[in-house]
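For reference, the sequence and a predicted model appear below.
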Amino acid sequence: MFAKVFLEQNPSATLVILDSAQSIGGVWATERLYPGLKTNNMLGTYEYPDFPMDEKTFGVKPGEFIPGPVVHRYLDAFAERFNLKHRIQFGTKVVSAIKGVDGWELCLSAEGLESPRLTAQKLVLATGNTSEPQLPAFPGAETFTAPMFHVKDLAARIDTIPSPREIVVIGGTKSAWDAAHAFAHVDGNQTVHMVIRQSGHGPIWMAPPRVTPFNLWLEKLVHTRLLTLFSPCIWGLHDGFVKSRNFLHGTAFGRWIVNAFWHVLADDVRKLNGYDQHHETSQLQPWSNPMFLGSGLSILNYPKDRDFFSLVRNKKIQVHIADVVSMNGDTIHLSNGEKLVSDAVVCSTGWKHRPPLKLSPGSDAYYGLPHATTSSAPDELLQTVDKEILTTFPRLRDQPVQNPRMTPMPVEEHDSSAPSNLNAPYKLYKFMVPPSTIGDRSLGFVGVPSTISTSIIASIQALWLTAYFSGELAMPVDKHAVEYEATLHSRFGYWRYPAGHGAQYPDFVFDALPYCDMLLQQLGLESHRKGNVLKELFYPYGPEDYRNLVDEWRGRSGKEKTA
């Protein structure tokens, strides 16, 4: 998306997209697609504003979830439509990027590469949060005889495991559910064991696509401005509803209403899923308060005739709440005393949180990247932003106890990029630019926030960063103000989303709409796009509301230039 927007503004620019994958799509590249994989999104919510996913072309009907192969085909068609395909170098990994007097010098690694060096005036990192898998290090794993691999490689491995078989899936996130579901339907002779760490975050929140007694579309709820007001959000005042937010989060009665809202939402999901109706499904009941969960909020997108909970009730998928104590031969020993004999282990154990390349000169801290710190006490700036966050949102002082037995997942000792070793999070201005390089305008990040508003945010970030690179986006003169805001927004995740990944990177759901407001306002574009107050509050936003942003920007910037 950034390449599309940048080239629309700079058609004569030389631009290359370096992709370590073998095909378009990232998560939706062909090599990562396995049978049954679908988005959490139904038609109309997972598309770029200027390129609708129409039913006739892509074969997905309203109310249907989008199959993985269709997402790949859509992204391929998007690249074709905007003349981007010839600019992509697949199978090319960027090892490092060094800033010099002539720009960024990239060190590349690829089979048959003529030159391992490339110089660029502008560098955009769009590696996201699902590039490098995080694999666990269990005692005795070196003696384990069955294949063990990350869910990223599931597509390549799912057909290589002989049948009948016993499959172990480690993890409780949506990708673990998807992997377990996929194996449970390969044939009728296998059992899938889903091992959810007793010392971890527990099962993820899985909601039906429609919730509340009014049968409302969940994806639309999180983009309905009235409901976003119930989320404590440090950048929330950009939505313009200052009095409402101050009442809901700044008064005792308002906070009671907020707590009631989240309680009703959680209770509705529990009842719709029927966790307590069967012993086996009760083990999948989430441990966390959904208010404090980020983009890990997931949707039950499985066919009715292959319902996940029915597979659990019938013990085709068996849930084990336990830690892996050790492995040997083909056996996995669990902390509850169980022994699982396995033909394969799929690890849905997360991802490394920093980009898979080295930036220099300067440290990861200099570039606002996750890094390790030795100090156990917050510095003066952190103490100041903590005070602002907790004064503005007293509700966040009452942090939930996620799991008193929680410990980091064991990883290789030498893996310094493991999430558990990176105790300082991303710190980027607007989640896109390192404060230290704000005046240079040659480095930017897109896709760092983890949300369920991917396509909308990608479009607005692309325009913001394009305007920033061109020098047409006004930036704060006070560098301390930039540093403060970046720290404030970064630290906010620590308090707001402890059940998600807020302590490592921006991870939010109901806060996506005011984030878009914030970026559009800095661009000088209209953020209230519904026409009147009633529609603004009650009509959900979607990609269609952000069409033609580039044309709007051109009109706005052209007027400024001639003024």
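Okay, I see it.

I figured Val95 hits Pro355, correct?
No. Val95 sits out of contact with Pro355 when judged by CB atoms under 8 Å, with a separation of 11.5 Å. C-beta here means a position set from N, CA and C on the backbone, and glycine is covered the same way.

of those two, who's got more company?
Taking other CB atoms under 10 Å, Val95 and Pro355 do not tie; Pro355 has more neighbours (24 against 12).

what's near enough to touch the more buried one?
By CB atoms under 8 Å, 6 or more residues apart in numbering, the contact set of Pro355 is 125, 127, 131, 369, 445.

Which secondary structure state does it sit in?
On the three-state scheme (DSSP: H, G, I helix; E, B strand; the rest coil), Pro355 is labelled coil.

any idea how far it lies from Thr384?
Going from Pro355 to Thr384 by CB to CB, to the nearest Å gives 28 Å.

same thing with Ser436?
Per CB to CB, Ser436 is found 19 Å from Thr384.

Between these two, which has more neighbouring residues?
Ser436 (19 against 15).

Double-check that that one belongs to a helix.
Yes. Ser436 forms part of a helix when assessed by three-state DSSP.

Surely it is in contact with Asp364?
No. Using CB under 8 Å, Ser436 makes no contact with Asp364, being 11.4 Å away.

intersection of neighbour lists for these two?
By CB under 8 Å, 6+ apart, no residue touches both Ser436 and Asp364.

show me where the stretch 151-300 of the chain has strands.
166-170, 191-196, 206-207, 210-211, 216-217, 298-299 (DSSP state E, counting those that start in this stretch).

repeat for the stretch 301-450 of the chain
Assigned by DSSP E, counting those that start in this stretch, the strands in the stretch 301-450 of the chain fall at 317-321, 324-328, 331-334, 339-341, 344-347, 358-360, 443-445.

Relative to Trp553, tell me which of those wins on proximity.
strand 443-445 (16.5 Å; CB to CB).

Centre of the chain to that closest one, how far?
18 Å (CA atoms, centre = their mean, to the nearest Å).

Keeping just the C-alphas, turn the helix or strand following it into PDB.
Downstream of strand 443-445, the next assigned helix or strand under DSSP states H and E is helix 454-470. Only the C-alpha atoms of helix 454-470 are listed here, as PDB (Å, rounded to 0.1, in the frame of the first residue of the first chain):
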ATOM      1  CA  THR A 454      -5.400  -3.500   8.800                       C
ATOM      2  CA  SER A 455      -6.500  -2.200   5.400                       C
ATOM      3  CA  ILE A 456      -7.800   1.100   6.700                       C
ATOM      4  CA  ILE A 457      -4.700   1.900   8.800                       C
ATOM      5  CA  ALA A 458      -2.300   0.800   6.000                       C
ATOM      6  CA  SER A 459      -3.900   3.300   3.600                       C
ATOM      7  CA  ILE A 460      -3.700   6.200   6.000                       C
ATOM      8  CA  GLN A 461      -0.200   5.400   7.200                       C
ATOM      9  CA  ALA A 462       0.900   5.200   3.600                       C
ATOM     10  CA  LEU A 463      -0.300   8.700   2.900                       C
ATOM     11  CA  TRP A 464       1.000  10.100   6.200                       C
ATOM     12  CA  LEU A 465       4.500   8.700   5.500                       C
ATOM     13  CA  THR A 466       4.500   9.800   1.900                       C
ATOM     14  CA  ALA A 467       3.700  13.400   3.000                       C
ATOM     15  CA  TYR A 468       6.400  13.100   5.700                       C
ATOM     16  CA  PHE A 469       9.000  12.000   3.200                       C
ATOM     17  CA  SER A 470       8.100  14.800   0.800                       C
END
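
Helix 454-470: which residues count as buried?
Judged by neighbour count using 16 or more other CB atoms under 10 Å, the buried positions of helix 454-470 are 454-469.

go on, stretch 518-525?
For stretch 518-525, burial by neighbour count (16+ other CB under 10 Å) applies to 518-520, 522-525.

hmm, which helix or strand of this protein has the shakiest average pLDDT?
Every helix and strand in the chain was compared by mean pLDDT, DSSP states H and E; the lowest is helix 549-562, with a mean of 74.

Could you pull up the contacting residues of the spatially most central residue of the chain?
Nearest to the mean C-alpha position of the chain, by CA atoms, centre = their mean, lies Ser450 at 2.6 Å. For Ser450, the contacting residues are 129, 294-295, 500-501, 505-508, by CB under 8 Å, 6+ apart.

Can you tell me which one of those sits lowest on pLDDT?
Lowest model confidence among the contacts of Ser450 falls on Asn129, which carries 86.

pretty sure that residue is in a strand, no?
No. Judged by three-state DSSP, Asn129 forms no part of a strand; its state is coil.

how much space between the closest residue to it other than its chain neighbours and Gly368?
Closest residue in space to Asn129, ignoring its immediate chain neighbours: Ser450 at 5.4 Å, by CB to CB, 6 or more residues apart in numbering. To Gly368, Ser450 is 16 Å away according to CB to CB.

ditto for Lys93
Lys93 is 22 Å from Gly368, by CB to CB.

Show me which of those two is the more surrounded one.
Higher neighbour count among Lys93 and Gly368: Gly368, with 28 against 15, using other CB under 10 Å.

Quick check, that one in contact with Thr487.
No. If you go by CB under 8 Å, Gly368 and Thr487 don't touch, sitting 9.9 Å apart.

Could you tell me which ranges of the stretch 151-300 of the chain sit under the pLDDT cut-off?
Applying pLDDT under 70 to the stretch 151-300 of the chain picks out residues 164, 186-188.

what about the helices in it?
Using DSSP state H, counting those that start in this stretch, the helices of the stretch 151-300 of the chain run over 154-157, 174-184, 218-221, 225-228, 242-250, 252-273, 279-282.

nearest to Gly59, of those?
Checking the helices of the stretch 151-300 of the chain against Gly59 by CB to CB gives helix 218-221 as the closest, at 20.0 Å.

picking up where we left off before, and the contacts of Pro355, which is closest to Glu64?
Closest to Glu64, out of all of those and judged by CB to CB, is Ser131, at 28.8 Å.

how close does Glu526 get to Leu520?
As defined by CB to CB, Glu526 lies at a distance of 7 Å from Leu520.

which residues are common contacts for those two?
Shared contacts of Glu526 and Leu520, defined by CB under 8 Å, 6+ apart, are absent.

Run through the residues that contact the closest residue to Ser109 other than its chain neighbours.
Of all residues not flanking Ser109 in the chain, Lys93 sits nearest, at 4.6 Å (CB to CB, 6+ apart). Each residue near Lys93 by CB under 8 Å, 6+ apart is listed here: 18, 20, 108-110, 356-357.

how about Phe393, what does it touch?
Applying CB under 8 Å, 6+ apart, the residues near Phe393 are 232, 234, 249, 495-496.

between the residues you listed, which has the most around it?
Arg496 (25 neighbours).

For Ala503, see how far away that residue is.
10 Å.

How about Ala486?
In terms of CB to CB, Ala486 sits 16 Å off from Ala503.

Just want to know which of those two has more residues nearby.
Higher neighbour count among Ala486 and Ala503: Ala486, with 24 against 20, using other CB under 10 Å.

Quickly find the element holding that one.
Element membership for Ala486 (DSSP H and E) is helix 479-496.

which helices and strands does that helix pack with?
Applying 3 or more CB pairs under 8 Å, 6 or more residues apart in numbering; DSSP states H and E, one finds that helix 479-496 contacts helix 380-392.

isn't His193 right next to Val169, touching?
Yes. Counting by CB under 8 Å, Val169 is a contact partner of His193 at 7.1 Å.

Specify which residue of the two has the higher count of neighbours.
Taking neighbours as other CB under 10 Å, His193 and Val169 compare with Val169 leading, 29 against 21.
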